[in-house]
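Visitor: After the sequence you'll find the predicted model.
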2 protein chains.
Amino acid sequence: MSGKDPKKGKMKEVKKETGLGLSYKKDENFGEWYSEVVVSGEMIEYYDISGCYILRPWSMSIWEMLHGFFDAEIKKMKIKNSYFPLFVSPAVLQKEKDHIEGFAPEVAWVTKSGDSDWEVPIAIRPTSETVMYPYFSKWIRGHRDLPLRLNQWCNIVRWEFSNPTPFIRSREFLWQEGHTAFATKEESDAEVLEILELYRRIYEELLAVPVSKGKKSELEKFAGGLYTTTVEAFIPNTGRGIQGATSHCLGQNFARIFEINFENEKGEKAMVWQNSWGFTTRTIGVMIMVHGDDKGLVLPPKVASTQVVVIPVPYKDANTQGIYDACAATIREMNESGIRAEADFRDNYSPGWKYSHWEMKGVPLRIEIGPKDLANNQVRAVRRDNGAKTDIPMANLAEQVKDVLATIQQNLFDVAKQKRDACVQIVRTWDEFTVALGQKKLVLAPWCDEEDVEKDVKARTKGEMGAAKTLCSPFDQPELPEGTLCFASGKPAKKWTYWGHSY
Amino acid sequence: MSGKDPKKGKMKEVKKETGLGLSYKKDENFGEWYSEVVVSGEMIEYYDISGCYILRPWSMSIWEMLHGFFDAEIKKMKIKNSYFPLFVSPAVLQKEKDHIEGFAPEVAWVTKSGDSDWEVPIAIRPTSETVMYPYFSKWIRGHRDLPLRLNQWCNIVRWEFSNPTPFIRSREFLWQEGHTAFATKEESDAEVLEILELYRRIYEELLAVPVSKGKKSELEKFAGGLYTTTVEAFIPNTGRGIQGATSHCLGQNFARIFEINFENEKGEKAMVWQNSWGFTTRTIGVMIMVHGDDKGLVLPPKVASTQVVVIPVPYKDANTQGIYDACAATIREMNESGIRAEADFRDNYSPGWKYSHWEMKGVPLRIEIGPKDLANNQVRAVRRDNGAKTDIPMANLAEQVKDVLATIQQNLFDVAKQKRDACVQIVRTWDEFTVALGQKKLVLAPWCDEEDVEKDVKARTKGEMGAAKTLCSPFDQPELPEGTLCFASGKPAKKWTYWGHSY
C-alpha cells in the first residue's frame, strides 16, 4: 500500500487510530500472528472452553463451499449421506483393540444427565468406525447389497491435551467421514485413490494449497486399518508438515471383528473390504497459514464468500450520488455474472479504514470508484494477493473481473508451490538429515521402510519442536538407484519418504 | 392393489414368502405400526443406545431437501451460518434461571476424558442461547452492528426419559437454530413471523402436512423468552397435537442477563431485542405419521429423493431387452427434465416383490413397462397415494409425469387437511371438552388465558394419555362474541385456543 496514492493518504494514521492491523508479523512471530489473524479476520472467536472455537460466518462460508464441492462429487459416485449417533457404548467402542488404543486417551465420556449418575458411561464419537460397523454387519447379506457407501457430515470430539490451535487442532471439529464396504480389494483400492484425488482438488484447486499425495508409514497409519493414504501440506514458516486429509483402506480387519460377511456370487461366505476417509475444518487453518500475510487473511477466490468488495471513494466536491450509483450498478452487474461481490457503503468509516478492514478479511479483489474513475468510466482494481493495481473500463467489467479472479487463484497456488518446493531438501545421510531439519526443511530421504527405524529416528530427534517422523512416501517417487541406502539405518532403501516435524 | 391385475397376480403370496409388508395396521396399532414402518421403509435403524437412532440415507435425503430449502430462504434474508461449540461450561449454562430450569433435567454432562476425571463437568448443548449470547455481547457495540442474524445446523442432546420415538422424541436430534438481535422490537416481531411462515411452508408445501400457526400460552412458551409462536400439526390416529417448529421472541431478557447492549443512533445505551427459532428432524416423523399407510411410507414428491421408480415387467416370451431399453430411455428422459427417477433392474426379484418394496419405501409414482406397454408405446403409472393406475403415452412422458407428481403433492395435502379438519371440535363447556378429548379430537375452546386455569385443566385431565394442555391460540381466530365464557373457568374468554394431548 503506497503512501503516494492520494486515495490512501491517511492509511497509516487510520490504522493507528482504529487499531486495525496486526501486532505480529508472520515471519517473526508465526504462532502469535496466526492466533491474531484468525480473530482479526473474523474467522474465529475464542471460546471459554479451551480447545473449542466459534466458527464465525466468515470461516463457516468457506466450510460450506468445501462441503458443497465434495458432497456433489461423492453423490456422483453414488455415495449416500446418513447420520449416525454422537454416542457410542463402551463395549462397542472397545471392540477393535488397536483402534481403541489409538483413540482411548482422547475420548470424552458422558457419565450423567440432570442429577442422575449413569451406571454405564457413554463415549462421544472420536470417529465412527465402531458406531457404524455393527449395522454394516446387519445390512449386508449378499453380494447385491454391495458396495455399501455411506458418508456423514458431523462434529467429532477428541479431547487432546497438546497445544490447541484454531482449525488445526481443536477438541471439537467438523468433518465428513465416508465409510464404505466392497466385495473385492480391487474396488476398495480404487475408491481410496478416487477420494484422495478429491482431497487433492480441495487443497490445490479450491484452497490453492499444494499437497503431496502419498502413503503413510506403518507407524503413522490409521489405527486398525490396512494402509492409509494422505495429502500432506507443508507450512514453510514453521517447517512443519501437516496431514491434510486421509483416505484409509481398512482391509478386512473391522469386517472380521464386526462380522461383516456376505454371500458372494458363487454362494460362498466372504468378508467385505472396507474404506474410511475424512477431511476436516483443519483445511481452513492450512489455507490461512499458507496464504495469510502481515495485512491479514488472503482468501482464494474460489472459496471466498465475498470475492470482490466495492468501495466508494467520494471527495467533498465530487458527485457522491453518482459514485454510489456506479458502485451499486457495478455490484449488480457482477452478481448477475455469478461473481460474489458486495459494496461497503458505511458512512462512518473512511475509505482507508475500509481498505484495511477488507484486506484483513482477505477479500481477493478490491474495486475503488472515485470521481476520476467515474469521469473516465472505469474502476480501480486492487489485488489482495500482490497489491497490484489496474484500471478496468466499466464496459465488460464482469468478464475482466472474472479473469483477474482466475489469475489470483492461480497465482496463490503458484507462489505457495514455489515456497513449498524451495523447502524440499533431499538428504542421503543422517548428518544431512539433522542439518536440514534444523533449517526447517521438508526432508525427502531414502528409507528402509522399517518400523523400528522410524521409532529410532523419533527417539533421536526428540527436541523442542517434538520428534521428527515420516510424513508420507509420495506416490510421485524420484528414481531410487539399486544400492541406495537408508539415511537412518544404512540398510538398503526401499522408497523415498518425506520426513519432518508435523502438526 | 387389485388381485385382478395380471401383473400383480402373485402379490400376496410374494408378501408372505419374502416377509415384505407390515405386521401392524395404522388404524389398529398405531404405535407398533410407526415403529415398524420407519424401519421397514429404511428410514431408521434402531441403535444400541436407547433414544438414539441411525438416520439412513432414505430419511437423510429428506432432511437434506428441507435443509436446502430453508438455508436458501434464510440466506435471502441475509442470515448467516456459523458454528458454535457442542460444549457449555456450567457457569454460563446456568446464567438464565428460568431457561436452565426448563432444560436442566435433560442436560447430559461430560465429566472425564480418557482416564482423567475432570474437576468441572461440561454440559452438552440442549440449545445454544447461553452458548452464543456471551459473544453477541462482545460483537455488538453500536447500532451499525445490528441486526446480527446467525444460524447453525447442528446436533442437539436432550436426555429425556419419556417414551423415546424415532424422529419425534430422540435424545440426540438434528436441527437448525437461528439466533438474531435487533435494535427494535418491531424488527424482532417481524422476523418471528417471517421465519414462522418458512416453517409453515416446510410442513404444508414440502411435507404436505397441514399446520396451524399460533401463539403458545405462558405455560408452554420457551423458557426465558417473551413469547413463542408455533406451527402445530395433529396426528388423527392418536388424537395428539404435535409442536411442529417454534419461532421465539426472546424480548430483552437474555440481553439483560448477558449484557447485550448497543449505542443507538442518538448515542444512548440500549438493549437489543432477540429471537431464536428452530426446526428439527421431528418434521420427518410428522410426515410419516400423517401420510403413511398399511403398505408403508408415503413420501410427498417434493421431498422424495426418488420420485419415480421404473420397473421392467418382462414375460417369458417377451422382448426383454426391448423392455429394459425402454426403461433406461424413460429414466434418461425424466432425469433430463429434472425428475428424480430410477429403475429397478435387479434380476433376483420379481416385479411383484419390487412393487411391494418401493411401496414400502413410499416412492410417489411407479412406472411399469411390460410387453403390452412396449407394443402400445406407453407406460403404466401407478400412484402411491391412492393406487390409481393410468397409461401414459411415451410421447411427452416427462411433462405428464410432472403433472402427476404435482397432483400427488396436492392430493396428499388435501387429504391430510380433510382428515385434520374433521378432527377439530369446537367446545364451550367442560363437559363438551372431556367428551371431545375422549374422542381424540383437536379441541378449539374459548379460554380466559390464565396460567392457573391451564394448570388446573392439566391437573383435572391427567390420565393414561397424559394431561391435556394448550397447543396454541391460532392466529386465525373465529369470532369471539362479547360475553363468551371460558370453557374451564367460566370467566370471560379472551381467545380461542387449541387444546389436546400432545407429543
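Guide: Cool, got the structure. In this text, all values refer to a predicted model and were calculated from it rather than measured experimentally. Numbering: from 1, shown residues only, chains lettered A, B, ... in the order given.
Visitor: Over in the stretch 401-503 of chain A, which residue gets nearest chain B? Let me know.
Guide: residue A:466 (20.1 Å; C-beta to the nearest C-beta). Any C-beta I mention is one placed from the backbone N, CA and C, and that applies to glycine too.
Visitor: List the contacts of that residue.
Guide: Going by C-beta atoms under 8 Å, 6 or more residues apart in numbering or on different chains, residue A:466 touches A:501, A:502.
Visitor: Just confirm it is within a helix.
Guide: No - assessed with DSSP: H, G, I helix; E, B strand; the rest coil, residue A:466 is coil; it does not lie in a helix.
Visitor: And it, its phi and psi?
Guide: phi 80, psi 180 (degrees, to the nearest 10).
Visitor: quick one: it from residue A:501, how far?
Guide: 6 Å (C-beta to C-beta, to the nearest Å).
Visitor: Is residue A:398 in contact with residue A:335, as I believe?
Guide: No - using C-beta atoms under 8 Å as the test, residue A:398 is too far from residue A:335 to be in contact (9.1 Å).
Visitor: Distance from the chain centre to stretch A:120-132, please.
Guide: Stretch A:120-132 sits 25 Å away from the centroid of its parent chain (C-alpha atoms, centre = their mean, to the nearest Å).
Visitor: for that stretch, how far is the first residue from the last?
Guide: In stretch A:120-132, first residue to last residue: 20 Å (C-alpha to C-alpha, to the nearest Å).
Visitor: May I see the buried residues of that stretch?
Guide: For stretch A:120-132, burial by neighbour count (16 or more other C-beta atoms under 10 Å in any protein chain shown) applies to A:121, A:122, A:123, A:124, A:125, A:126, A:127, A:128, A:129, A:130, A:131, A:132.
Visitor: Could I get the pLDDT score of the residue nearest to the spatial centre of chain A?
Guide: Chain A has residue A:283 as the residue nearest its centroid, 1.1 Å off, counting by C-alpha atoms, centre = their mean. At residue A:283, the model reports a pLDDT of 98.
Visitor: how close does it get to residue A:301?
Guide: Where residue A:301 is concerned, residue A:283 sits at a distance of 16 Å (C-beta to C-beta).
Visitor: same question for the helix of greatest length in chain A, mean pLDDT?
Guide: When secondary structure is assigned using DSSP state H, the longest helix within chain A turns out to be helix A:397-423. Mean pLDDT, computed over helix A:397-423, is 98.
Visitor: Show me what counts as buried in it.
Guide: Neighbour-count burial for helix A:397-423 [16+ other C-beta under 10 Å]: A:397-398, A:400-402, A:404-405, A:407-409, A:411-413, A:415-416, A:420, A:423.
Visitor: next SSE after it?
Guide: strand A:424-426 (DSSP states H and E).
Visitor: Please enumerate residues in contact with whichever helix or strand comes after that next one?
Guide: Counting by DSSP H and E, the next helix or strand C-terminal to strand A:424-426 is helix A:430-438. Outside helix A:430-438, the residues that touch it by C-beta under 8 Å, 6+ apart are A:239, A:425, A:427, A:443, A:445, A:461, A:468, A:487, A:488, A:499, A:500, A:501.
Visitor: Helix A:430-438: which residues count as buried?
Guide: A:430, A:432, A:433, A:436, A:437.
Visitor: now the buried residues of stretch A:120-132 in JSON lines, with distance to chain B?
Guide: Shown next, in JSON lines, are the buried residues of stretch A:120-132 (distance: C-beta to the nearest C-beta, whole Å):
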{"residue": "A:121", "distance to chain B": "8"}
{"residue": "A:122", "distance to chain B": "6"}
{"residue": "A:123", "distance to chain B": "10"}
{"residue": "A:124", "distance to chain B": "7"}
{"residue": "A:125", "distance to chain B": "11"}
{"residue": "A:126", "distance to chain B": "10"}
{"residue": "A:127", "distance to chain B": "15"}
{"residue": "A:128", "distance to chain B": "11"}
{"residue": "A:129", "distance to chain B": "14"}
{"residue": "A:130", "distance to chain B": "11"}
{"residue": "A:131", "distance to chain B": "9"}
{"residue": "A:132", "distance to chain B": "8"}
